[in-house]
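Q: need a structure here:
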Amino acid sequence: MKTKVLFVALVGALFVTTACSGETPPPAPPATVTVTPTPPPSVGPDAKTVAWLDGMCGAIFGYVKANNEHASKQSSGVEVTRTWLSENLGVRADLTGKVVDELNALPASPIPGGDAAKKSLVDSYTTARDAAAEGKRKLDASKSQSALDAGLKALDAAQKPLTETTDPFASVKMDTPEIKAAVAAAKKCVPGA
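A: This next block holds a predicted model:
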């Protein structure tokens with residue numbers, strides 16, 4: 001009890017001394033408040049980015065899958081005839097044309113460099129589509145051996161996207177956490193899915 005009284009007496013004396021001295025106490029130094037921003041809650045990958053990636057991957061891997069299915073229906077040791085070649089050129093023109101249409105239907109890329117990657121793919125598949133369609137047209141219009149040879153070259157040109165498109169995003173920087181999350185969520189970017 002004595003300690004409480006002594007403490008109250010000291011506080012009172014301090015108050016009286018400060019109040020009666022006529023001097024204003026020095027201002028307190030400004031307080032510095034450090035605010036640590038809290039990261040925004042994780043809401044998952046950006047839906048537009050995931051949809052764009054799915055569109056790109058779906059077009060490319062869809063082509064590979066359809067091409068492989070078509071090739072698996074071919075018997076081994078097939079004799080290359082005009083009919084066979086014309087049919088195969090038509091199939092290649094259709095498959096590559098579908099990729100071009102799907103890629104052209106995509107909106108602007110939400111990923112830096114994505115539009116350039118898409119354009120490169122569109123150019124490659126357009127060249128393949130046009131080669132197959134023109135090769136078929138010439139083959140069907142002529143009975144000459146040179147038309148058959150040209151058709152075989154067109155078939156080779158129509159299949160270039162299969163050998164050239166190993167990674168459609170090779171030129172795109174995919175190193176931010178947001179883009180990595182979007183890639184992981186893009187189901188069509190898993191080959192064979």
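
Q: in stretch 85-93, what counts as buried?
A: 85, 86, 88, 89, 90, 91, 92, 93 (16 or more other C-beta atoms under 10 Å). Quick note: C-beta positions are derived from backbone N, CA and C, even for glycine.

Q: Could you export it as CSV, CA atoms only?
A: Extracted in CSV, the C-alpha atoms of stretch 85-93 (Å, rounded to 0.1, in the frame of the first residue of the first chain):
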residue,chain,number,x,y,z
LEU,A,85,-2.1,-39.2,-101.9
SER,A,86,-5.1,-37.0,-102.8
GLU,A,87,-7.0,-38.2,-99.7
ASN,A,88,-4.0,-37.6,-97.5
LEU,A,89,-3.4,-34.1,-98.8
GLY,A,90,-7.1,-33.4,-98.2
VAL,A,91,-6.8,-34.6,-94.6
ARG,A,92,-3.6,-32.6,-94.0
ALA,A,93,-5.2,-29.5,-95.4
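
Q: For the helix ranked longest in the chain, which residues meet the burial criterion?
A: Secondary structure of the chain per DSSP state H: the longest helix is helix 114-141. For helix 114-141, the buried set under the neighbour-count rule, 16+ other C-beta under 10 Å, comprises 114, 117-118, 121-122, 124-139.

Q: repeat for stretch 145-153
A: For stretch 145-153, a neighbour-count test (16+ other C-beta under 10 Å) marks 147, 148, 150, 151, 152 as buried.

Q: Which other helices and strands does the longest helix of the chain contact?
A: helix 47-72, helix 82-104, helix 145-158, helix 160-164 (3 or more C-beta pairs under 8 Å, 6 or more residues apart in numbering; DSSP states H and E).

Q: Tell me which residues touch residue 125, please.
A: 63, 96, 99, 100, 103, 161 (C-beta atoms under 8 Å, 6 or more residues apart in numbering).

Q: Report pLDDT for the closest residue to the second one other than its chain neighbours.
A: Nearest in space to residue 96, with sequence neighbours left out and distances taken as C-beta to C-beta, 6 or more residues apart in numbering, is residue 129 at 3.9 Å. According to the prediction, residue 129 has pLDDT 96.

Q: Go ahead and confirm residue 129 touches residue 97.
A: Yes - with contact defined as C-beta atoms under 8 Å, residue 129 reaches residue 97; the gap is 4.7 Å.

Q: Give the intersection of the neighbour lists for the two.
A: By C-beta under 8 Å, 6+ apart, residue 129 and residue 97 have no common neighbours.
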